[in-house]
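Asks: need a 3D model of the sequence below.
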Amino acid sequence: MTWRAGCNAVMASALLACLTAEAASELPWQVEAGLGTDQLSNGAPDWSQVDVSLRRRFEQRSIVELGLRRTRRSGLVDEEIGASVGLPLGAQWSTTLTAAVSPSHQVLARAGGRIDLARSFDDGWVASAALGRRLYTDAGNSLVAVGVERYVGDWRLAAAVGQNRLDGGDTAANTRLQFDHSFAAERGRVGLILARGRELESVPATAQAPADVIYQRVSTVALVGTWALAAAWALTGEASHVRIDDIQRRNGAPAGAPYNRNGVRVGVRHDF
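Replies: Numbering: from 1, shown residues only. Just a heads-up that it's a prediction; the model follows:
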């Protein structure tokens, strides 16, 4: 898994960063809306996504987020509802609890949850660990991950390794590196993500075959950023290139040829 496919993972990462570093804005509320599209090289229809999230910062470094996402993949439309809560556990510890459900779950996981725990150290070091679970129509997977971050001035370097286990199947390791640079008094950011590992993807039922889950190797390069537009407005963006190969069904049978997925997402964020 590249940790891009799970909405709950993205929410957990963003909230954990807010708890382990000084927030760029002191305004309590934040709303963000975005549009995204992915082009597939195998001739399949493009993917699309619309998302909106609402965040509320509280005193004592606490934050709550609610998110909605609507996706179109392979001609199928799914909705997902997510919620996340970030809490400090003393001066150095923090945790994030995240959950997401998809009422339709034709392609997305029908439910998922994740717990992240982080500890700050001297000289800008942060260590973290995560436990996650995602359920599909007739299968699921579990995630265990550990990571480390280092903040040096306006720069951040983060590395993480994890292991996914498909129910009744094999386990696979995952790695992720991220480099970030903050600017404009920490209201702007540009980052590079490199990830490689295995990802689960739900396959809807057809007249010829029942619903299934495929197990595939995924390599990702992504550029992410936030640019301040005004005192309380910002533009967010992401551009990614994903290579997908070694695509298998749970029984080990091949499930398709390798292909690429190139995506772009643009969003607008407002603090108030």
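Asks: what's near enough to touch Ser128?
Replies: By Cβ atoms under 8 Å, 6 or more residues apart in numbering, the contact set of Ser128 is 16, 116-119, 146-149, 160. C-beta coordinates here come from the backbone N, C-alpha and C atoms, glycine included.
Asks: and the strand or helix carrying Leu97, what other elements does it pack with?
Replies: In the assignment (DSSP states H and E), Leu97 maps to strand 93-101. Here strand 93-101 touches helix 7-20, strand 76-89, strand 111-120, going by 3 or more Cβ pairs under 8 Å, 6 or more residues apart in numbering; DSSP states H and E.
Asks: which neighbours does the last one have in its sheet, and in what orientation?
Replies: I take that to be strand 111-120. Looking at strand 111-120 with DSSP bridges, its partner strands are strand 93-101 (antiparallel), strand 125-135 (antiparallel).
Asks: now do the same contact list for Arg243.
Replies: So Arg243 contacts 218-220, 258, 260 (Cβ under 8 Å, 6+ apart).
Asks: quick check: the farthest pair among those?
Replies: Using Cβ to Cβ, the contacts of Arg243 span at most 14.3 Å, a distance reached by Thr220 and Pro258.
Asks: ok, these two, which is more surrounded?
Replies: A count of neighbours by other Cβ atoms under 10 Å puts Thr220 above the other of Thr220 and Pro258, at 22 against 13.
Asks: please point out which parts of whichever strand or helix holds the more buried one sit buried.
Replies: If you go by DSSP H and E, Thr220 is part of strand 212-228. Neighbour counts over strand 212-228 (16 or more other Cβ atoms under 10 Å) mark 212-218, 220, 222, 224-228 as buried.
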